[in-house]
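S.K.: below is the structure, and that's it, no one-letter string:
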């Protein structure tokens, strides 16, 4: 193997390792975010389940609007939240929340598979490694460059 080819191979290995590390970090971050959302949904489902009788549940469907008002010569921006809520039957609310929880659980499972794939196919990422180049190769390269 000639020196340019070996250096190109080392560069490709390093680039692949960096890309894989980034993909791993993104997957881990997404997993933690989705796991947090799933726990919040589980708590909400538990709280709804603890309620007895026919309880009115409301689902938020509001929007945030920015209103500009003129005061004298200057303008002020005000945020006005128009609270719009929709009355939802308890069974419908529970079904929607359970569907969201299932979707998040499926997403977490797929992200965990992606993390396992990266760890399995790129085991060097889990270990810190240094590629040692023989001194003779470095000296030959510096002499040929001069």
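M.R.: Perfect, thanks for sending it. Treat the numbers as computed from the prediction; the structure is a model and nothing was measured. Residues are numbered from 1 along each chain as shown.
S.K.: which stretch of helix or strand covers residue 59?
M.R.: Assigning secondary structure by DSSP states H and E places residue 59 in strand 57-60.
S.K.: correct me if wrong: residue 118 contacts residue 19.
M.R.: No: here residue 118 does not reach residue 19: they are 10.0 Å apart, not a contact under C-beta atoms under 8 Å. Placement of C-beta: from N, CA and C, glycine included.
S.K.: in this structure residue 112 contacts residue 31, no?
M.R.: Yes: checked against C-beta under 8 Å, the pair residue 112 and residue 31 is within contact range at 6.6 Å.
S.K.: more neighbours, the two?
M.R.: residue 31 (18 against 14; other C-beta atoms under 10 Å).
S.K.: tell me how far residue 38 lies from residue 84.
M.R.: With the distance defined as C-beta to C-beta, to the nearest Å, residue 38 ends up 26 Å from residue 84.
S.K.: more neighbours: these two, which one.
M.R.: Under the criterion of other C-beta under 10 Å, the comparison of residue 38 against residue 84 puts residue 38 first, with 18 against 11.
S.K.: now that one, nearest residue through space, not along the chain?
M.R.: Beyond its immediate neighbours in the sequence, the residue positioned closest to residue 38 (C-beta to C-beta, 6 or more residues apart in numbering) is residue 104, lying 4.3 Å away.
S.K.: mind listing what's buried in the host helix or strand of the one you found?
M.R.: Residue 104 is located in helix 90-121, with elements delineated by DSSP H and E. Along helix 90-121, the positions that meet the burial threshold by neighbour count (16 or more other C-beta atoms under 10 Å) are 93, 94, 101, 104, 107, 108, 111, 114, 115, 118.
S.K.: that helix packs against which elements?
M.R.: Under the contact criterion of 3 or more C-beta pairs under 8 Å, 6 or more residues apart in numbering; DSSP states H and E, helix 90-121 touches helix 3-50, strand 57-60.
S.K.: now the first one and helix 90-121, what's the angle there?
M.R.: Angle between the axes of helix 3-50 and helix 90-121 is 160 degrees (criterion: axes from the mean of the first three to the mean of the last three C-alpha atoms, to 10 degrees).
S.K.: noted, bye for now.
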